[in-house]
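1. no FASTA, just this:
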């Protein structure tokens, strides 16, 4: 696949910054997931409840555009299907790239060329693909405790909001909902109570057929990656 090594390096470099606000960090010793799908009491009757339900089911699509970065989409359906998609600039041209994990195999897809390639175990490790998935995952959202709610005006539009504190990552987040109760923005709240940048987000139910997109792509054999990317991902909260 043309310029594949450049794709890897750019994806890692961009995600290092782009995931800072869009997702919760993951602790390998405590994922915080609720295998029995029981809604935590903190979310019962709240605007966040239906979104927490999707996360606990591992059946969601998470979309965000953090800060000035390009849109990011993370899709999870059970434990065997995950996909992280974004657009990066490559040689002055926007290039859509996706990492996919499906039925035990890792793939890299490029939308412009409609090509895909399999990633070996060593490539997955060197490129920190699992770490990228973990950073994009919302599995720590259900661990939060409810703090309070209120209303706020953004660009002349009034939104309801709910505040939650996540003790696992020691972060307080504010979730904004439109008049239809749809999650619209996410912002971090500082220790001094200052509300940070409001980032557009949405959490939707996953349609598992989204992973069938690989059937429309052409397989391209790829030479092993020999140079380790110097970028590292940053866990977010």
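-> Perfect, thanks for sending it. In this text, all values refer to a predicted model and were calculated from it rather than measured experimentally.
2. Ramachandran angles for the residue nearest to the spatial centre of the chain?
-> Nearest to the mean C-alpha position of the chain, by Cα atoms, centre = their mean, lies residue 136 at 3.0 Å. As for residue 136, its main-chain torsions (degrees, to the nearest 10) stand at phi -80, psi -20.
3. Surely it and residue 84 touch.
-> Yes: taking Cβ atoms under 8 Å as the definition, residue 136 is a contact partner of residue 84 at 5.4 Å. Where you see a C-beta, it was placed from the backbone N, CA and C, and this is true even at glycine.
4. intersection of neighbour lists for the two?
-> Common contacts of residue 136 and residue 84, defined by Cβ atoms under 8 Å, 6 or more residues apart in numbering, comprise 72, 74.
5. Quick check: the gap between the residue nearest to the centre of the chain and residue 122.
-> 22 Å (Cβ to Cβ, to the nearest Å).
6. what are the ranges of the helices in this protein?
-> 4-22, 49-56, 121-126, 129-136 (DSSP state H).
7. Quote the end-to-end distance of stretch 126-145.
-> Stretch 126-145 has an end-to-end distance of 36 Å (Cα to Cα, to the nearest Å).
8. Buried residues, that stretch. List them.
-> For stretch 126-145, a neighbour-count test (16 or more other Cβ atoms under 10 Å) marks 126-144 as buried.
9. How about stretch 49-67?
-> 51-56, 58-64, 66.
10. got it, and stretch 115-129?
-> 115-117, 119, 123, 126-129.
11. residue boundaries of the strands in the chain?
-> Assigned strands in the chain, in chain order: 59-64, 72-77, 81-90, 93-102, 105-110, 115-119, 145-154, 157-166, 171-177, 183-189, 199-205, 218-219 (criterion: DSSP state E).
12. How far off centre is the last one?
-> Spelled out, that is strand 218-219. Offset of strand 218-219 from its chain centre (Cα atoms, centre = their mean, to the nearest Å): 26 Å.
13. pLDDT score for the closest residue to residue 110 other than its chain neighbours?
-> Sequence neighbours aside, residue 97 is the residue nearest to residue 110 in space, at 5.8 Å (criterion: Cβ to Cβ, 6 or more residues apart in numbering). On the pLDDT scale, residue 97 is placed at 83.
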